[in-house]
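1. Mind looking at a prediction? Sequence and model below.
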Amino acid sequence: MTSTQSERHPTPDEIPGQKLPYPASQEDMTPAPDSDLSNYKAAGKLTGKVAIITGGDSGIGRAVAIAYAMEGANVAILYNVNDKDADKTKSMVEERGGQCLPIKMDVRKPEECEAAVTKTIDKFGQLNILVNNAAFQMVQKDLADLTIKQFRETIETNVFGYFHMFKAALPHLKEGDVIINTGSIVGKMGKGMLVDYATSKGAIHALTKSLAQNLADQKIRVNAVVPGPVWTPNIPATMPIEKVDQYDTDNAMGRAGQPEELAPAYVFLAAEDSSFMTGALVDVTGGQLSS
């Protein structure tokens, strides 16, 4: 590989201000997020495994789906709106030798979570990895604009959605299987313009630790990846244009992460390599600290 770091992972000056309708499609972003795992070297760590990834159509979820396929897993990607993004993820997974089952559904509805798990089992015969990644966020700088409706949607998607998926998946998980949640650095440090989102992510961190303790006797591990700023469709869709412009310089590395830089953490937590880890919050933040 002869390309430079800035060519592989855009620096803030390469990310212009932009505003996209929510929910945004990854293909409309400038530049497009790096999520194709072109620099990833697989080692067969998940051969024969089956994973469900919520929010798997784009952003971090897409990168995780591709990484899992490269490691030998088959994946079901759960998504809510963007058929085109889901179709693209499916084709990228299949290009790398994996099978991909896209399921359009709403994680806020427990019956749809149960149906998605059933479809996955019917298709692949088993379930070994649950990645809870779907999320809703919307910036409100003025607390007067943070409505009860938005607060409820955030908590129902980001917390209840994880709970519904866990409840649906648990009867099919066995010793050695794993649950991986997507937290956020703002769940540790707070964020004034993301009060509801930061609250939900703090709850996810506590949920991760609590489930890990509860499921330890069953030898089902539960961990969370804690991203810092990452260039995903939620950024131009939910943040003011001035915040998107030159996104993001708030960490030690002075740039936003790309989805493909998060995916290896999800591989590690799904693989036997992390067999002595449960209840962990794994920061992938570019050096952005919570305190």
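-> Arrived safely, thanks for sending. Numbering: from 1, shown residues only.
2. I'd guess Tyr247 is in a helix, am I close?
-> No - under DSSP: H, G, I helix; E, B strand; the rest coil, Tyr247 sits outside any helix and is assigned coil.
3. Measure how buried it is and give me the count.
-> 21 (other CB atoms under 10 Å). Where you see a C-beta, it was placed from the backbone N, CA and C, and this is true even at glycine.
4. Would you mind measuring from it to Pro240?
-> Separation of Tyr247 from Pro240 (CB to CB, to the nearest Å): 11 Å.
5. Please, where are all the strands along this structure?
-> 50-54, 74-79, 100-104, 129-132, 178-182, 221-227, 281-284 (DSSP state E).
6. what is the mean pLDDT for the first one?
-> The predicted model assigns strand 50-54 a mean pLDDT of 98.
7. Likewise for the last one?
-> Per-region confidence: strand 281-284 scores 98 on mean pLDDT.
8. Ok, stretch 147-164 next?
-> 98.
9. for stretch 196-207, same thing?
-> In the prediction, stretch 196-207 has an average pLDDT of 98.
10. Would you mind listing the buried residues in it?
-> By 16 or more other CB atoms under 10 Å, the buried positions in stretch 196-207 come out as 196-205, 207.
11. now swap in stretch 163-171 and tell me
-> Here stretch 163-171 shows 163-166, 168-170 as buried, counting by 16+ other CB under 10 Å.
12. Dump those into a markdown table; add distance to Lys149 as well.
-> Rendered in a markdown table, the data for the buried residues of stretch 163-171 read as follows (distance: CB to CB, whole Å):
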| residue | distance to Lys149 |
| --- | --- |
| Phe163 | 20 |
| His164 | 20 |
| Met165 | 23 |
| Phe166 | 25 |
| Ala168 | 26 |
| Ala169 | 29 |
| Leu170 | 30 |
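13. for those residues, which one is nearest Asp57?
-> Met165 (15.6 Å; CB to CB).
14. contacting residues for that closest one?
-> Counting by CB atoms under 8 Å, 6 or more residues apart in numbering, Met165 touches 52, 54, 107, 113, 116-117, 130, 132.
15. So what's the residue count around Leu20?
-> There are 18 residues near Leu20, going by other CB under 10 Å.
16. I meant to write Asn80 there.
-> That count, for Asn80 with other CB under 10 Å as the rule, works out to 19.
17. Just give the nearest non-adjacent residue to it, would you?
-> Asp106 (5.8 Å; CB to CB, 6 or more residues apart in numbering).
18. Okay, now the unreliable bits of the stretch 151-291 of the chain?
-> 291 (pLDDT under 70).
19. all helices of it, in order?
-> Counting by DSSP state H, counting those that start in this stretch, the stretch 151-291 of the chain has helices at residues 161-169, 186-189, 195-215, 234-238, 241-244, 259-270.
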